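Enquirer: What follows is a predicted structure for the sequence shown.
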Amino acid sequence: MKAIIVREFGPPDVMKLEEVPALTPGPGQVLVRVKAVGVNPVETYVRAGTYARKPNLPYTPGSDVAGIVEAVGPGVNSVKTGDRVYSHGTAGTGAYRELTLCEEAQVHALPDRLSFQQGAALGTPYSTAWRALFLYAHATPGETVLIHGASGGVGVAATQIARANGLRVIATAGTERGMNLARQQGAHEVLNHRDGDHLSRVTPLTGGRGVDLVLEMLANVNLDRDLDVLAFRGRVMVVGNRGRVEIDPRKIMSKDGAILGMTMFNATADEYRTIHAALAPGLENGSLTPVIGREMPLDQAVQAHGAVMESGAFGKIVLLP
Ligand code: NAP
């Protein structure tokens, strides 16, 4: 069996494809034959060694796979050999590999209408979007949400989820192609975040009221200006950030507003159960359908880590073992 192995933190080429020992599912574990792997930006920060959480070396990157159950350990009863599944998380074995181990609670049924590539785009992006919108920012139907970076993995998920739950969506992307993608996913209005003045157009789009919620993918660039477009009692939910930023706190005070943050690393077992149960109907009825922008073979993990950090996002990048 082959897997990507990281033996030292550093640039993308520290990832090497190696032959690794076979895995056997223990009690409560599921062995998944991986058909597709979702590539997330956080995997590049972890690999570089700059992220607050560092795995013990050596390790295999990644947390999101879709595939077929190869075997189950004692006590597993929610899935069986041959089932199509997607995972969010692994039992420490990582995702960039041909077979991986997951805890039973980490695997979920993959509806027949979705490809394995689409299944690999579900774990981190859709859970993040759902947790941010509903568990922490308490979005409600009828509210207006500004979704930054609606062309990327989390942004596509958030746009579909917000739209399916009765929110009005103003989305941003950095290219014409990304803007069209956001429109196709249900955004009511789309702005280009490469246009330095784009946020000045948000308040007029809300009849002067401002947005109830901002889902922020690059807080170090946008946070202070987000506060200008908030409605009274509006919230900014920081999902992504790559640096420091100065803000004027008076802008939040004057609106009884709030800046919130969240990371999936803090999600509890109960939250995971709630999130994946909440996603299931939309995955079955088609309102939630991941978009795959690029497929690459597993041995191109190095190139995939370069690609996921470039601008011009178009849905999800997946690796195919
Ligand atoms: P992705 O697929 O690489 O997408 C990145 C998105 O950011 C693209 O839509 C990109 O748009 C957009 N972007 C670029 N410049 C921007 C700007 N100035 N203003 C607003 N958006 C801008 O990444 P992802 O998986 O969607 O993740 C998005 C961010 O959330 C990343 O920073 C990631 O690390 C973070 N994240 C956090 C959590 C958590 O638990 N908190 C979970 C998942 C992801 P264009 O390419 O069209 O310019």
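Expert: Received it, and whenever you're ready, just let me know what you need.

Enquirer: So which residues of the stretch 101-250 of the chain form helices?
Expert: Per DSSP state H, counting those that start in this stretch, the stretch 101-250 of the chain carries helices over the ranges 116-120, 123-130, 153-164, 176-184, 202-205, 219-228, 250-253.

Enquirer: Turn these into a markdown table, including distance to residue 300, mean neighbour count and mean pLDDT.
Expert: The way it works is simple: take the backbone N, C-alpha and C, and place the C-beta from them, glycine included. Converted to a markdown table, these look like this (distance: least, Cβ to Cβ, whole Å; neighbours: other Cβ atoms under 10 Å; pLDDT from 0 to 100):
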| stretch | distance to residue 300 | mean neighbour count | mean pLDDT |
| --- | --- | --- | --- |
| helix 116-120 | 15 | 25 | 98 |
| helix 123-130 | 20 | 25 | 98 |
| helix 153-164 | 18 | 27 | 98 |
| helix 176-184 | 22 | 18 | 98 |
| helix 202-205 | 38 | 16 | 98 |
| helix 219-228 | 29 | 19 | 98 |
| helix 250-253 | 44 | 13 | 97 |
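
Enquirer: For burial, what's the neighbour tally of residue 191?
Expert: Neighbourhood size, residue 191 [other Cβ atoms under 10 Å]: 23.

Enquirer: Please name whichever of the helices of the stretch 101-250 of the chain is nearest to residue 88.
Expert: Using Cβ to Cβ as the criterion, the shortest distance between residue 88 and the helices of the stretch 101-250 of the chain is 3.3 Å, found for helix 123-130.

Enquirer: anything in the closest one near the ligand?
Expert: Yes - using Cβ under 6 Å from any ligand atom, we find that helix 123-130 touches the ligand at 124-125, 128.

Enquirer: Quick one: distance of that helix to the chain centre.
Expert: From the chain centre to the centre of helix 123-130 is a distance of 5 Å (Cα atoms, centre = their mean, to the nearest Å).

Enquirer: So which elements touch it?
Expert: Judged by 3 or more Cβ pairs under 8 Å, 6 or more residues apart in numbering; DSSP states H and E, helix 123-130 is in contact with strand 29-38, strand 64-72, helix 153-164, helix 269-285.

Enquirer: Partner strands of the first one and their direction?
Expert: So the one you mean is strand 29-38. Next to strand 29-38 in the sheet, as set by DSSP bridges, lie strand 64-72 (antiparallel), strand 99-103 (antiparallel), strand 316-320 (antiparallel).

Enquirer: For the first one, buried residues please.
Expert: Read that as strand 64-72. Under the neighbour-count criterion of 16 or more other Cβ atoms under 10 Å, strand 64-72 has 64-67, 69-72 buried.
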